[in-house]
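Student: what follows is a predicted structure for the sequence shown.
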Amino acid sequence: MKKITIYTIALLPLTILAGCASVDVRPVSKIHNISHVCIENNPKVIVANFTTIVADVFQDHGITTKMYNAPVPNKCEYKLTYTALRSWDFTPYLSHAELRLFKKNKRIGYAEYHIGAVASFSLKKWASVKKKMTPVINKLLAQYKK
């Protein structure tokens, strides 16, 4: 019994430092044949380069993007809305992000990145927005060429 307790105590800090973020993705189906997405600007998001990174990863999948202030024009068949939140621990870092992809008014894809309480002890929380969001968006667009 003592050995189990000692091992548990010894491994706990490593588990906390290796903590991970949660990712929830509902990928977009290939049947939509998306070639262009209008991104609705969210002026409340102050995470540096967030929309640039999103647009770049969409481009990597062969999907062009254009930013619009709300409301997005009716000519846009596909629209992306987003939110991104920062937390602070010596320096700001991306702690939560959501992407919602719509065809007209019907949601066809969703992606969420979140650092929970345990993962907030991880050194990975200070990774760049690009390093955090690229795999999330790749999962969202997994059925589109890369």
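Tutor: That came through, no problem.
Student: from here on, just use CA atoms for contacts and neighbour counts.
Tutor: OK.
Student: count of residues packed around Ala55?
Tutor: 19 (other C-alpha atoms under 10 Å).
Student: that one contacts Thr64, correct?
Tutor: Yes: contact criterion C-alpha atoms under 8 Å: Ala55 and Thr64 qualify, at 7.5 Å.
Student: pLDDT weak spots in this protein?
Tutor: By pLDDT under 70, the weakly predicted segments of the chain are 1-20, 117-123, 146.
Student: quick one, helices of this protein?
Tutor: Per DSSP state H, the chain carries helices over the ranges 2-17, 50-60, 129-140.
Student: list of residues touching the second one?
Tutor: By that I understand helix 50-60. Among residues not part of helix 50-60, those counted as contacts by C-alpha atoms under 8 Å, 6 or more residues apart in numbering are 64-65, 84, 129-130, 133-134, 137-138, 141, 145-146.
Student: now the two most distant members of the residues you listed.
Tutor: Farthest pair in the contacts of helix 50-60 (C-alpha to C-alpha) is Ala84 and Lys145. Separation: 25.7 Å.
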